Structures are given as structure tokens and as C-alpha cells.
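Undergrad: Fold the following for me, if possible:
(one chain, ligands or ions: 1)
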Amino acid sequence: MQITEHQLSLVNSRIEALVNSGSFYGKKLADLRISHVSSPEDFEKLPFSEKSDLRDAYPLGLMTAPESEIVRIHSSSGTTGKPVIIPYTAKDVDDWGEMFKRCYETAGITNRDRIQITPGYGLWTAGIGFQNGAEKLGAMVVPMGPGNTEKQLQMMQDLETTVICATSSYALLLTEEVEKRGLRDKIRLKKGVIGSERWTKKMRDRISSGLGIELYDTYGLTEIYGPGIGINCQYNTGMHYWDDYLYLEIIDPKTGKSVPDGEWGEIVITTLVKEGAPLIRYRTHDMSRIIPGECPCGSCFPRIDTIQGRTDDMMKIKGVNVFPNQIEEVLQGFPEIGSEYQIRISHVEGRDSMRIYVETTGDVDFSDLTRRIAEKVKSRIGFTPIVKAVEMGVLPRSEKKAHRVIDERFE
Ligand code: ZN
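TA: Model (predicted):
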């Protein structure tokens, strides 16, 4: 999706603000003698920004507005190294709230709803982001924060909460507790807004049917405001995102070149109006694609697909980009196999091959099952894998998804 004239002019105002402030990115742009972009081609020559750069700017190197205008910071904690600190002006906080309000509206949530917020409050952007948008909408917020499931369920019943905001894993836990305690008839939930975490269709269906609610997926990351920069609508055809605040590109993570709409690649985000810490061409390492065409809901906002994983998960097999998620989703369509699986990729006689091991019980016809799975995988990723069925319990158990994929080509 090419950058528009209007978006370009907003980018230029951000470049100007960065350079004038002498902030971390301002200095970088000044060193490269960049002060202006005049065409989409020019824009695509702007350097990318990376999370590691943001860490180097610790603690306040990203601050681009005068300190008197900064009203808050948020922080994303990495598993390694220094955290990233993002300063926000009052306008940034307000813009973020507007975007999140739009998310709720897109999900059909109104000021008559009662919204229970379970993600954490504090340095990270989750809880408070859900809250700002809900207050702007005029809904009644129940700001629970995480944990204390006992109290969550009590409030949910007593206050007749209609919307639950949660991570997918906490929503699943609540689903199990509601079932265990037989509370389904005592709760009034209608909708769930789930923060950007990777989750599978199986999990989604489980939560949706267990709680009897419609689910909405919101996208976002701390470096770019936080959650609430996009959400799916009732037609569930991907997530609409707010292109008046953000410009999204999809690039090939290997070459850095833009890919055509509809093709998978890495999401790169430019903030168009952010003041506290504007970012130009920020590499998210999240994999998605622009969904071409119009959504049946009639919204003018463009769409990205459900996040398929991180660039680090991507495997190039026989020249095709494949994600473990895609295979997992296909496997979940087969009730006769267990949830464990293993993918092995090898390079034999000059050719890549992919083997998928699945578990099943002895009373299933192995050869028929593996043929059907291979066909389904082919229709999803474009080439036929070798599928092998083994007895239930044979594959190694692991909590980490990464351990289920073994790439023997690089061993
Ligand atoms: Zn729509």
C-alpha cells in the first residue's frame, strides 16, 4: 500500500521535529543529511529503525518533544539487556485513546457496556491503554488488573460485566474457571477484546464457545503507542488499522524491500503524528500481510492479517516462506490427532524436504490419515510434506513451540 501525499507530508513534519530536537533519531537523520522526503521512492530509502537502536537510546534519548510537554513514559522490557523507554506527550496519550476508542467501536462496543480490564497496569502499555479508550468511549470501566481470578469472577457476576479485556492465555484460564464452577449462566459477557499475543484458532474457539462471546483481536506494541492500533471487525477478515495515525509497510525481512499487497512479510511502522518519540520505519519483526480489497463492513481503514509469528520463526523451504503457525493450524483441523507435533526440515540430494510427525491412536488408518494431512498442508503452503503418524505419547513434550521445529539443514 503506497504512502499517500498526505501521509508523506506528515512524515516530513516528523522528520523536521526529530532533526530539530537533536534526539537519538534526529541525530541519525542529520548525519545522513535527511531533512525531507518528496516521493514514495524517497520514503523507501529512509533507514529502518530497530529495537536495538531504541535500547541504545536508554533512558530518554528518544525524547523528541520538550521535556515540559512529556506527561508519561512507558517501557517495554526485553528479556535481555536494557529496557526501551518511550516518552508520551498529552497529545500522544490522547491520540492513543482515540485509536483504542475506535477499536471498541469497531467491535460494536458502546457506552452502555461494562468493560473489565485484566491486563497489567504500570510501566507497560496494556491495562492503561484499554482503560483510556474505554473511558473515551464512555463505557463503565472495571480496572481489575491481572490475577486474583476469584475476585475477577465475583466482579464479573456482581457488576454484570459485558466485555472482558485480556491476554489470550488469561482469557483461556477464565474460561476454564467459569466452566469448572458452572458460572456460565451467571455471567453477562458478550464480547472479549484480546491483546496482541499469538494464539491459535483452537484456543479462540475454546474461549468463544466456553464463555459464549464474540472475540476481537487488537494489535499493538509499546514502541508504537501500545495495544489498540488495530482490531478485527465483526466480519473477522483481518485487523483494520488506523492509517491516519500510522503508515504500515510489509517488507521481505531478508532483503528489506517492500512486497506487493497480499504477500506475507514483516510489518514496518511509521508514526505519522507522534510527538514524544516519533519512529520512522520501525521494524516490528511481526509477520503479516496487507489484505487487498474492501471489507464487507465498509470501513475505509485498511487491513492486515492475523500475526503469523515473528521473523525469527520464518523458515524458507523450497523457496517458500513457511511459519510453524500455518502447519499447526492445519493440524488442528484433524480431531483424530493429538496436539503434539514435530517438524523436521532437511536438505537431501540438493533438495529441501519437510517431514511432519503427528501422534494418533492405533485405531486410525495411518496411511489414509497422513495422505489427507499432506494434502491439506500442501493447499496451505504450496508444497507437499512427508507426513508420518506415530503412536500417542511418542513425541517429546515441550512447552516451547520452537522446540517442535528442527531444521537439520543448519546443524
Ligand atoms: Zn471490516
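
Undergrad: show me the contacts for the residue nearest to Thr118 when sequence neighbours are not counted.
TA: In space, not counting the residues next to it along the chain, Thr118 is nearest to Ala166; the distance is 4.5 Å by CB to CB, 6 or more residues apart in numbering. Backbone N, C-alpha and C define where each C-beta goes, glycine included. For Ala166, the residues meeting the contact criterion (CB atoms under 8 Å, 6 or more residues apart in numbering) are Thr118, Pro119, Leu174, Gly192, Val193, Ile194, Gly195.

Undergrad: List, one by one, the residues from the stretch 101-250 of the chain near the ion.
TA: The stretch 101-250 of the chain has residues Cys233 near the ion, with proximity defined as CB under 5 Å from the ion.

Undergrad: where does the stretch 101-250 of the chain have low pLDDT?
TA: Along the stretch 101-250 of the chain, the parts satisfying pLDDT under 70 run over 196-198.

Undergrad: which stretches of it form helices?
TA: Defined through DSSP state H, counting those that start in this stretch, the helices belonging to the stretch 101-250 of the chain, from first to last, are 126-137, 149-158, 168-180, 201-211.

Undergrad: which of these sits most buried?
TA: When neighbours are counted by mean count of other CB atoms under 10 Å, the highest per-stretch mean among the helices of the stretch 101-250 of the chain falls to helix 126-137, a mean of 24.

Undergrad: what's next to that one, contact-wise?
TA: Taking contacts as CB under 8 Å, 6+ apart, the residues outside helix 126-137 that touch it are 93, 96-105, 109-111, 113, 115, 117, 119-121, 141, 143, 145, 165, 193, 195, 220, 225-228.

Undergrad: In the sheet, which strands lie alongside the lengthiest strand in the chain, parallel or antiparallel?
TA: In the chain, ranked by residue count with DSSP state E as the criterion, the top strand is strand 337-348. Pairing partners of strand 337-348, with direction, according to DSSP bridges: strand 351-360 (antiparallel), strand 405-407 (parallel).

Undergrad: in the first one, what's buried?
TA: Spelled out, that is strand 351-360. Residues of strand 351-360 classed as buried under the neighbour-count rule (16 or more other CB atoms under 10 Å) are Asp352, Ser353, Met354, Ile356, Tyr357, Val358, Glu359, Thr360.

Undergrad: Likewise for stretch 231-248?
TA: Taking 16+ other CB under 10 Å as the basis for neighbour counts, the residues of stretch 231-248 that come out buried are 231-233, 237-248.

Undergrad: Domain-wise, how is the protein divided?
TA: For the chain, whose domains are defined here by automatic domain parsing, the residue ranges read 89-311, 314-410.

Undergrad: contact partners of the longest strand of the chain?
TA: For strand 337-348, the surrounding residues in contact (CB under 8 Å, 6+ apart) are 315, 317, 324, 327-328, 331-332, 352-360, 369, 373, 389, 392, 395-397, 404-409.

Undergrad: redo that, cut-off 6 Å
TA: Applying CB atoms under 6 Å, 6 or more residues apart in numbering, the external contacts of strand 337-348 come out as 317, 331, 353-360, 392, 395, 404-409.

Undergrad: Give me the mean pLDDT for that strand.
TA: When pLDDT is averaged along strand 337-348, the result is 88.

Undergrad: Distance from the chain centre to it, please.
TA: 25 Å (CA atoms, centre = their mean, to the nearest Å).

Undergrad: That one to helix 201-211, inter-axis angle?
TA: Taking axes from the mean of the first three to the mean of the last three CA atoms, to 10 degrees, strand 337-348 and helix 201-211 form an angle of 170 degrees between their directions.

Undergrad: So for strand 337-348, what gets flagged as buried?
TA: Taking 16+ other CB under 10 Å as the neighbour-count basis, strand 337-348 is seen to contain the buried residues Ile337, Gly338, Glu340, Tyr341, Gln342, Ile343, Arg344, Ile345.

Undergrad: Switch those over to CSV; also include distance to Tyr216.
TA: Rendered in CSV, the data for the buried residues of strand 337-348 read as follows (distance: CB to CB, whole Å):
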residue, distance to Tyr216
Ile337, 30
Gly338, 30
Glu340, 30
Tyr341, 29
Gln342, 33
Ile343, 30
Arg344, 36
Ile345, 35
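
Undergrad: out of the residues you listed, who's nearest Ser288?
TA: Out of these, the one with the shortest distance to Ser288 is Ile343. That distance is 21.2 Å, counting by CB to CB.

Undergrad: Residues in a beta bridge with the residue nearest to Thr118, which ones?
TA: Bridge pairing for Ala166 (DSSP bridges) gives the partners Ile194.

Undergrad: now it: how far from the ion?
TA: Shown here: Ala166 relative to the ion, a distance of 22 Å by CB to the ion, to the nearest Å.

Undergrad: secondary structure element for the residue in the chain sticking out farthest from the centre?
TA: Relative to the mean C-alpha coordinate of the chain, counting by CA atoms, centre = their mean, the farthest residue is Asp363 (39.3 Å). Counting by DSSP states H and E, Asp363 is held by no secondary-structure element, helix or strand.

Undergrad: do the one 4 residues further on as well
TA: Assigned by DSSP H and E, Ser367 belongs to helix 366-381.

Undergrad: and after that helix, which helix or strand comes next?
TA: Following helix 366-381 toward the C-terminus (DSSP H and E): strand 386-391.

Undergrad: Please work out the angle formed by the directions of that following strand and strand 351-360.
TA: With the same axes, to 10 degrees as the criterion, the two stretches strand 386-391 and strand 351-360 enclose an angle of 30 degrees.

Undergrad: could you give the angle of strand 386-391 to helix 366-381?
TA: Using the same axes, to 10 degrees: strand 386-391 against helix 366-381 is 130 degrees.
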